[in-house]
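**Q** have a look at this prediction, sequence included:
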Amino acid sequence: MKKTLLIILFVFAAVSSAVAFPFDKYTLSREDLPEEAQNMLKEYFPKAKIGMIKIDKHLLKKTDYDVRLVNGTTIEFNNKGKWTSVDCKNRAVPDGIIMKTIRRNVSKNYDGAKIVSVKKKSSGYEIGLSDGVILKYDLLGIFKGTKLEE
């Protein structure tokens, strides 16, 4: 009897905690984003309309934000509102988002290709080009290598 009661209490606690902590929220309101993310969208995508904002609330990790614009661009932000990735599909990523040294290297060595995506990682940047090549740079913008898109 004690075992059954304990199991019922455990199941009840698990279900109620899952209800109390909704993990994902969907919205269209820019105001649900951190201020830094709102400012980035105003600066680099001023006329773009929001298609969806997904707020990922993780139980043990910090919240992150996924923004999808109507034109297909996706932008991911961390809990402080700093962008972690920008994917403009087949459009060029706004110049101000990418370091000048990286932009210069791409224009010098990959004539005709445009930067369509960028991911910021702890080890550096991954730059996606319109021709499918992915370039790796360190945090200072120094070229580290290439790989073909997977």
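**A** Great, that's in hand. Numbers count the residues shown, from 1 in each chain.
**Q** only C-alpha atoms for contact and neighbour calcs from this point on.
**A** Fine.
**Q** shaky segments in the chain?
**A** Scanning the chain for pLDDT under 70 picks out 1-23, 148-150.
**Q** OK, contacts around the residue most central in space within the chain?
**A** In the chain, the residue lying closest to the centroid (C-alpha atoms, centre = their mean) is Glu76, at 1.7 Å. Residues in contact with Glu76 (C-alpha atoms under 8 Å, 6 or more residues apart in numbering) are 64-67, 83-86.
**Q** top of those residues by number of neighbours, please.
**A** Within the contacts of Glu76, neighbour counts (other C-alpha atoms under 10 Å) peak at Tyr65, which reaches 27 neighbours.
**Q** tell me the contacts of it?
**A** Taking C-alpha under 8 Å, 6+ apart as the criterion, Tyr65 is in contact with 33, 53-56, 76-79, 81.
**Q** restricted to strands, list the residues you listed.
**A** Counted as lying in strands by DSSP state E, out of those, are 53-56, 76-77.
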